[in-house]
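Undergrad: sequence and computational prediction follow.
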Amino acid sequence: MSLLPTLMERIARARTDLRLGLPVVLQGDGRSVLALAAEGLDADRFADLRALGDPVLAVTARRAATLNARAYDGDMARIVLPRDVTTDWIRAVADPQDDLSAPMKGPFVAMRDGPADLHRVALSLAKSARLLPAALVLHVDAVPDDLTRLDAALTLQALSDPAHHTRVVTGNVPLAVTGAGRVHVFRPEDGGEEHVVCEIGRPSRSEPVLVRLHSACFTGDVLGSLKCDCGPQLHAALAQMGAEGQGILLYLNQEGRGIGLANKMRAYALQDQGFDTVEANHRLGFEDDERDFRTGADLLKRLGFSKVRLMTNNPAKVEMMAAQGIEVTERVPLQAGRNPLNTAYLDVKARKSGHIL
Ligand SMILES: Nc1nc2c(ncn2[C@@H]2O[C@H](COP(=O)(O)OP(=O)(O)OP(=O)(O)O)[C@@H](O)[C@H]2O)c(=O)[nH]1
Ligand SMILES: [Zn+2]
């Protein structure tokens, strides 16, 4: 019946549920689990969950490596909870903030037997909800009525494909660099963040267009943070488009290389403890870069562009464009905003993430 939620709509609900601290139900191969995000775990809910059985704490292999827990499941570990477990213990396993000041109690016992597929989906959902990637997972025979239910395999598939976007509106916005600015707003069908494409002038659809594929950086773009180069890169790109009279700025809401603003601030707090940008992501349980650049290529195609002069120092962006069928006729270097406070950050990106200096 068409009034009932689709899979995408149920995934959107599940993300909200996890962010609220509610469990969601994941189902597959005749099994059901309750999954609850470790972040923001409520003591009463945790007590109710334990009354139903013994949940395990799923964490990514990245987080497991920091904890010295064995990742028997390859990309993740299922950590057995100690008998005297508290919500503080769970939070401390999930969140690396106090790893140094209060070293973990370990050794951790990780499960080797039994399927881990539903746990894996719980972690993907937590990531897509921009929460810490750690979830309590409990097998149950009877599923409570009011909880959001998801088919695990279909959910994993849906989370790994980029969402389809609808162009919601286009509005004229005169900019400092050009009077001829237009903003297109694209909304994903999966209830995720909207993305913005800013078109400068009226670029021809048959010639290579100057494009900046930019990821949101609230601290750099809006606050003028000196920890990164995002703000100056954004403004340098707009200035070049203004000077050439045309261009496309893809402004993707993938804050913190796709981990969300709260997690990026957690990463910054770890950087204050001495870890670099890549190490901080790993300690939190994330990969170096959790972004999916395919969305950028999709939006370009939707606007009728197939050839670009791409403003970036990141070879992964160039490769992705080509893989998505967009011809990159030229990589236009974008060097702006180096300062004494971000030199180490930019050097790490060059050394560990392959950025071209
Ligand atoms: N996780 C994390 N994200 C960061 C950090 N510093 C900046 N960012 C994010 O990194 C992203 C930077 O994006 P971009 O400017 O598109 O990219 P880039 O991959 O450096 O490539 P180019 O600028 O195109 O050369 C933004 O989403 C920022 O919010 C950090 O220390 N940790
Ligand atoms: Zn930034």
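TA: Arrived safely, thanks for sending. Ligands and ions are numbered 1, 2, ... in the order given.
Undergrad: ok, the closest residue to Thr219 other than its chain neighbours to Gly231 distance?
TA: Counting by CB to CB, 6 or more residues apart in numbering, Thr219 lies nearest to Ser225, which is 3.8 Å off, once chain neighbours are set aside. C-beta here means a position set from N, CA and C on the backbone, and glycine is covered the same way. Separation of Ser225 from Gly231 (CB to CB, to the nearest Å) stands at 7 Å.
Undergrad: joint contacts of the two?
TA: Shared contacts of Ser225 and Gly231, defined by CB atoms under 8 Å, 6 or more residues apart in numbering, comprise Cys217.
Undergrad: the residue nearest to Thr219: neighbour count?
TA: 17 (other CB atoms under 10 Å).
Undergrad: for ligand 1, what are the nearby residues on the stretch 251-357 of the chain?
TA: 254-257, 259, 264, 267, 277, 281, 312-314, 317, 334, 349, 355 (CB under 6 Å from any ligand atom).
Undergrad: residues touching Leu132, list them.
TA: Ala37, Ala38, Glu39, Ala94, Asp95, Ala126, Asn263, Arg266, Leu284, Gly285.
Undergrad: all helices of the protein, in order?
TA: Shown for the chain, the helices assigned by DSSP state H span residues 7-20, 43-52, 61-67, 87-94, 117-128, 152-160, 230-244, 255-258, 261-272, 277-284, 294-302, 315-323, 343-353.
Undergrad: the fourth one packs against which elements?
TA: Taking 3 or more CB pairs under 8 Å, 6 or more residues apart in numbering; DSSP states H and E as the contact definition, the neighbouring helices and strands of helix 87-94 are helix 43-52, strand 56-60, helix 61-67, strand 134-140.
Undergrad: mind running it again at 7 Å?
TA: strand 56-60 (3 or more CB pairs under 7 Å, 6 or more residues apart in numbering; DSSP states H and E).
Undergrad: now the strand it packs on, how far from the centre of its chain.
TA: A distance of 18 Å separates the centroid of the chain from that of strand 56-60, by CA atoms, centre = their mean, to the nearest Å.
Undergrad: tell me the helices and strands packed up against that strand.
TA: Looks like strand 56-60 contacts strand 76-80, helix 87-94, helix 117-128, strand 134-140 (3+ CB pairs under 7 Å, 6+ apart).
Undergrad: neighbours around Gly106, how many?
TA: With other CB under 10 Å as criterion, Gly106 counts 11.
Undergrad: how about it, nearest residue that isn't a chain neighbour?
TA: Here the residue nearest Gly106, using CB to CB, 6+ apart, is Asn68, at 5.9 Å.
Undergrad: quick one: Arg167 from Phe293, how far?
TA: Relative to Phe293, and taking CB to CB, Arg167 is found at 19 Å.
Undergrad: so for the two, which residue has more residues nearby?
TA: More crowded of Arg167 and Phe293, by other CB under 10 Å: Phe293, with 24 against 13.
Undergrad: the more buried one touches Ala322, doesn't it?
TA: No - taking CB atoms under 7 Å as the definition, Phe293 is not a contact partner of Ala322, at 11.2 Å.
Undergrad: pass me the low-pLDDT residue ranges in the stretch 101-250 of the chain, would you?
TA: In the prediction, the stretch 101-250 of the chain carries no residues with pLDDT under 70.
Undergrad: what residues does it have near ligand 1?
TA: Residues of the stretch 101-250 of the chain lying near ligand 1 (CB under 6 Å from any ligand atom): His214, Ser215, Ala216, Cys217, Cys228, Cys230, Gln233.
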